[in-house]
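just to be clear, the model below is a prediction. Sequence and coordinates:
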Amino acid sequence: MATIKHISSKNADYGAAEAYLTFEHDEFTMKPTLDEAGRLIPRQDYRLDTLNCGEEDFALSCIRANLRYGKNSKREDIKSHHYIISFDPRDGPDNGLTVDRAQALGEQFCKEHFPGHQALVCTHPDGHNHSGNIHVHIVINSLRIEEVPFLPYMDRPADTKAGCKHRCTDAALRYFKSEVMEMCHREGLYQIDLLNGSKNRVTDREYWAQKKGQAALDKQNAPMIAGGITPRQTKFETNKEKLRQTLRKALATAASFDEFSSLLLREGVTVKESRGRLSYLTPDRTKPITARKLGDDFDRAAVLAVLERNAARAAEKAAAIPEYPRHGKTDIQPTKAPQTAPNVQRLVDIEQKKAEGKGRGYERWATMHNLKQMAATLNVYQEYGFTSPEQLEAAVDTAYQEMRQTSSELKALETKLQGKKELQQQVLAYAKTKPARDGLKAQKSEKARAAYRQAHESDFIIADAAARYFREHGITKLPARKALQDEIEQLVSKKSGLYNTYHEQKQRYTELQTVKRNIDQILRREEPRRRKEQSHER
């Protein structure tokens with residue numbers, strides 16, 4: 001899943017940003033890594049480009065702009081903003097994401113959301129933990145050198161003017177998150193909902209504490225491993241991660257809040273509730289850790305929901321109620337979901353392949369392949385609880401209808417979202433022309449109004465186009481910009497959920513369809529054998 005992170009910098013050395021992106025640095029100290037001769041070590045693979053810098057490099061261009069406008073001269077001034085867009089490691093093998101494609105997406109994102117700023121866009125093929133997550137760095141000069149249109153995350157006229165500075169507010173960062181989600185949906189990349197928190201919320205401080213702790217533990221275990229001794233602990237866990245595991249262990253068995261609290265007390269953890277929010281106090285702390293700092297899985301609503309499910313499950317088990325279907329309430333759905341998702345593949349028609357000219361080697365391979373896939377097919381068939389091919393066929397049809405329905409909802413939501421974004425563009429364009437429209441009202445004579453309108457012709461062309469759009473769509477009262485942005489973010493979040501649901505349904509439909517085709521092929525092959533046995537018995 002793609003994420004976006006923001007870092008503001010007061011460092012007046014703009015060249016340091018470029019050096020960090022192009023040379024190897026120690027991930028803990030952030031100091032450059034040197035070779036045996038004391039020289040900087042270039043990064044092995046990266047893509048780098050500049051925007052709005054002309055023929056100059058990024059650092060020199062930024063310094064000239066700061067001098068021209070008399071900005072960023074104080075020590076406390078924010079000189080640059082650093083945005084990092086990290087993609088899911090699976091996007092490479094599954095969705096064809098390459099370093100070049102990520103670089104193009106980063107440059108497009110920068111042009112759309114940071115126009116008028118000198119920018120440095122650099123893409124790296126890997127992250128700190130060598131997980132293979134391609135990520136894009138966007139470093140912009142905080143100073144704007146050109147006047148730009150009014151963008152959705154801007155909230156004051158100065159945000160569009162040349163010589164003014166970029167501000168990354170909470171609302172702006174939420175907007176950037178929604179745009180990253182939209183970009184991933186548009187490009188067919190993995191994505192989660194960035195607007196509504198996360199199940200495990202790991203801060204930068206905890207992330208680096210885990211990294212440093214793991215490095216220290218590996219160093220401590222190295223002599224033991226070299227001596228053939230298996231270390232007792234090989235994975236370092238932060239105190240917050242240990243607390244999360246304790247909470248999950250209690251949530252796995254507790255059926256009420258009192259039972260949940262008592263199970264935590266046995267581990268020395270005290271749970272407190274204040275103003276509808278939960279916090280957890282561990283023995284080594286004097287100040288409790290709020291659920292918000294641990295993740296959404298541990299807030300009051302999520303905890304009560306898990307406890308309610310546990311209580312319902314215990315009641316069902318006591319009453320010996322049969323297990324409900326996983327994918328709906330109809331009788332054609334499977335009665336039990338498979339615990340694992342084997343990779344079921346189509347059976348090979350060996351006779352057809354032999355007729356096409358395949359040899360004995362291929363026949364031996366296809367025979368073994370079919371035996372493995374028959375076993376996997378029957379395994380899935382049994383684990384889903386199907387009792388007849390007709391029930392399997394009905395489940396395939398239902399899975400297809402569910403997928404089509406979600407697809408229709410997704411398309412309708414995309415159309416609505418596109419309409420809201422178009423309305424937002426018109427509202428922002430109309431708001432940008434307000435000074436010109438107010439100036440026209442202040443003119444006393446018709447001649448003065450005509451001259452004023454001609455002097456500000458471009459503004460009135462934009463205003464007239466926006467007004468025409470409002471009339472054509474029956475809009476008599478313009479929506480508030482903040483309310484419109486909130487509505488767009490809600491639609492993006494809903495689209496993310498539907499998008500993931502659609503992919504799950506598509507995977508399930510594909511799996512069931514493969515199982516059905518394999519079952520049909522198995523039955524067709526066994527049918528002549530049955531007929532021969534029946535004729536022999538007679």
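Looks like it came in fine.

use CA for all of it now, contacts and neighbours both
Fine.

neighbours of Glu489, how many?
Burial of Glu489, expressed as a neighbour count using other C-alpha atoms under 10 Å, amounts to 19.

which residues are in contact with the residue lying closest to it once chain neighbours are set aside?
Leaving aside its sequence neighbours, Glu489 sits nearest to Ser178 (C-alpha to C-alpha, 6 or more residues apart in numbering; 6.2 Å). By C-alpha atoms under 8 Å, 6 or more residues apart in numbering, Ser178 lies in contact with 194-195, 489, 492-493.

which secondary structure elements does the strand ranked longest in the chain sit against?
Scanning the chain for the longest strand, with DSSP state E as the assignment, gives strand 135-144. Judged by 3 or more C-alpha pairs under 8 Å, 6 or more residues apart in numbering; DSSP states H and E, strand 135-144 is in contact with helix 58-69, strand 80-86, helix 99-113, strand 117-124.

if you compare these, which one is most tucked away?
Of those, the one with the most neighbours on average (mean count of other C-alpha atoms under 10 Å) is strand 117-124, at a mean of 26.

give me the contact list for that one.
Taking C-alpha under 8 Å, 6+ apart as the criterion, the residues outside strand 117-124 that touch it are 18, 21, 45-53, 58, 61-62, 99, 102-103, 106-107, 110, 134-146.

before we move on, back to that, scan the contacts of Ser178 and report the most crowded one.
Taking other C-alpha under 10 Å to define a neighbour, the member of the contacts of Ser178 with the most is Val492, carrying 24 neighbours.

distance of that residue from Tyr175?
Applying C-alpha to C-alpha, to the nearest Å, one obtains 10 Å for the distance of Val492 from Tyr175.

same deal with Lys447?
44 Å.

more neighbours: which of these two?
Between Lys447 and Tyr175, counting by other C-alpha under 10 Å, Tyr175 is the more crowded of the two (20 against 10).

show me what the helix-or-strand element of the chain with minimal mean pLDDT is packed up against.
For the chain, counting by mean pLDDT, DSSP states H and E, helix 481-537 ranks last in confidence among helices and strands (a mean of 76). Helices and strands in packing contact with helix 481-537 are listed as helix 170-187, helix 360-383, helix 389-432; criterion 3+ C-alpha pairs under 8 Å, 6+ apart.

any idea how far it is from the chain center?
Here the centre of helix 481-537 is set off from its chain's centre by 24 Å, with C-alpha atoms, centre = their mean, to the nearest Å.

what angle do that helix and helix 389-432 make?
Direction vectors for helix 481-537 and helix 389-432, defined by axes from the mean of the first three to the mean of the last three C-alpha atoms, to 10 degrees, enclose an angle of 170 degrees.

ends of stretch 226-236, how far apart?
Using C-alpha to C-alpha, the span of stretch 226-236 from its first residue to its last is 19 Å.

any idea how far Ala450 is from Ala465?
Taking C-alpha to C-alpha as the criterion, Ala450 is separated from Ala465 by 19 Å.

and this protein, what are its domains?
Residue ranges of the domains in the chain are recorded as 3-187, 204-222+233-319, 330-337+384-538, according to automatic domain parsing.

could you check the angle the least confident helix or strand of the chain makes with helix 360-383?
Per the same axes, to 10 degrees, the angle that helix 481-537 makes with helix 360-383 is 110 degrees.

taking helix 170-187 as reference, get the angle to helix 481-537.
Going by the same axes, to 10 degrees, helix 481-537 makes 30 degrees with helix 170-187.

list the buried residues of stretch 353-368.
Counting neighbours by 16 or more other C-alpha atoms under 10 Å, one finds that the buried residues in stretch 353-368 are 363, 366-367.

any chance of the residues you listed in JSON lines, with pLDDT and distance to Asn11 too?
Formatted as JSON lines, these follow (pLDDT from 0 to 100; distance: C-alpha to C-alpha, whole Å):
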{"residue": "Glu363", "pLDDT": "81", "distance to Asn11": "67"}
{"residue": "Ala366", "pLDDT": "81", "distance to Asn11": "64"}
{"residue": "Thr367", "pLDDT": "84", "distance to Asn11": "66"}
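
and of those, the nearest to Arg90?
Ala366 (29.8 Å; C-alpha to C-alpha).

give the contact list for the closest one.
If a contact means C-alpha under 8 Å, 6+ apart, then Ala366 has 348, 350 as its contacts.
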